[in-house]
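Asks: below: sequence and its predicted model.
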Amino acid sequence: MSATIIDGKKIAEGIKHSLKEEIENLRRRGSTPGLAVVLVGQNPASQIYVSMKNKTAADLGINSRTITLPEATTQMELLQIVRELNEDRTVHAILIQLPLPSHIDETMMINSIAPEKDVDGFHPINRGKLMLGADTFIPCTPLGIQQLLAISQINTDGKHVVIVGRSRIVGLPLANMFIQKKDGANATVTVCHTGTGDLTHFTRQADILIAAIGKAEFIKAQMVKEGVVVIDVGVNRLEDSKDSKGYRIVGDVEFAAIAKKASAITPVPGGVGPMTIAMLIYNTVKATKEFCASSSTG
Ligand code: GUN
């Protein structure tokens, strides 16, 4: 078998195109969506992600601003900034880029974001709603993965979805989503992690394998079955003396070997990554529409 390559970049472009129209409609009604992205410190990967989020949002007509703060910012200073953004009626969406410097309590900061502006879906109220299957902000990467599968017409109903990695940003919300009795879900879900003894025993059973581990090319071809659908969430640097930069970006799966066995696979880059940003825009538009609805009725 030779896998269909799931073109996340192209699918994300389509979604952003429709969102651009919605943003334009909101703007005409005097409600331009406002997004504030907060970046603390100099983490190089975070700097790249934040500038991509800001640029995409601005290109689509969102009133986007990045608040860049020094590494030495105190918890109280950051809390004050979040409080001001919570109160600001021109800001519908707030994102604090993670990880935060170690002297700042990440959980406390996430909890300080107004749940109705929490476009990452990381606030406990939004996480609780997601667990219960209620309407909420779904974290951007998991939502992007669900959309990638749906748009690629890959059915999850009755399938065995095996997720490798239990992070709060990807694995945990994904498991919550795919077990629900809903369209684009209703799967049998297994979550594997560092406590899993025989990982291959589980990964070989996967109809859909989602790798969110953070280790370069960790999943090998012998760990998957013929015909599997593979979603690769990893973004890792692998040293490569042949590359002019000295490294290349690879995912969590051994792409070339697994593509020979899989029925469909996402590439890295160009798979899940572009969908994450498109879903941030989706959640920002959702926050703006809900703000407009609550201010017209309240
Ligand atoms: N760091 C890595 N992924 C994410 C994400 O989805 N949101 C935020 N806020 N920080 C991240």
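Replies: All right, it came through fine.
Asks: mind listing the strands for the stretch 1-150 of the chain?
Replies: Taking DSSP state E, counting those that start in this stretch as the criterion, the stretch 1-150 of the chain carries its strands at 4-5, 34-40, 63-69, 93-96.
Asks: what does the stretch 101-250 of the chain put close to the ligand?
Replies: Applying Cβ under 6 Å from any ligand atom, one finds that the stretch 101-250 of the chain approaches the ligand through 120, 140-141, 169. The way it works is simple: take the backbone N, C-alpha and C, and place the C-beta from them, glycine included.
Asks: and the furthest pair within those?
Replies: Put simply, by Cβ to Cβ the two of these set farthest apart are Asp120 and Thr141, 9.7 Å from each other.
Asks: what's the first-to-last distance across stretch 93-111?
Replies: Its start and end residues considered, stretch 93-111 measures 15 Å (Cα to Cα, to the nearest Å).
Asks: which residues touch the closest residue to Phe122 other than its chain neighbours?
Replies: Closest residue to Phe122 apart from its sequence neighbours, by Cβ to Cβ, 6 or more residues apart in numbering: Ile110 at 4.8 Å. Ile110 is in contact with 96, 118, 120, 122-123, counting by Cβ atoms under 8 Å, 6 or more residues apart in numbering.
Asks: which pLDDT value goes with Ile110?
Replies: Taken from the predicted model, the pLDDT recorded for Ile110 is 98.
Asks: next one: Gly246
Replies: Per-residue confidence at Gly246 stands at 95 (pLDDT).
Asks: and what of Gly298?
Replies: At Gly298 the predicted local confidence, pLDDT, stands at 58.
Asks: quick one: the helices in the protein, in order.
Replies: In order along the chain, the chain carries the following helices (DSSP state H): 8-28, 44-59, 75-87, 106-112, 124-132, 140-151, 171-178, 199-203, 255-259, 272-297.
Asks: and the first one, how far out from the chain middle?
Replies: Between the mean C-alpha location of helix 8-28 and the chain-wide mean there is a distance of 17 Å, by Cα atoms, centre = their mean, to the nearest Å.
Asks: what residues does stretch 210-219 touch?
Replies: The set of residues that contact stretch 210-219 without belonging to it, under Cβ under 8 Å, 6+ apart, is 141, 145, 161-165, 167, 170-171, 174, 203, 209, 230-234, 236-238, 250-255, 258.
Asks: now, which of those residues lie within strands?
Replies: 161-164, 209, 230-232, 236-238, 250 (DSSP state E).
Asks: could you identify the most distant pair in those residues?
Replies: The farthest-apart pair in these, when distances are taken by Cβ to Cβ, is Val161 and Arg237, at 27.8 Å.
Asks: fine by me, thanks again.
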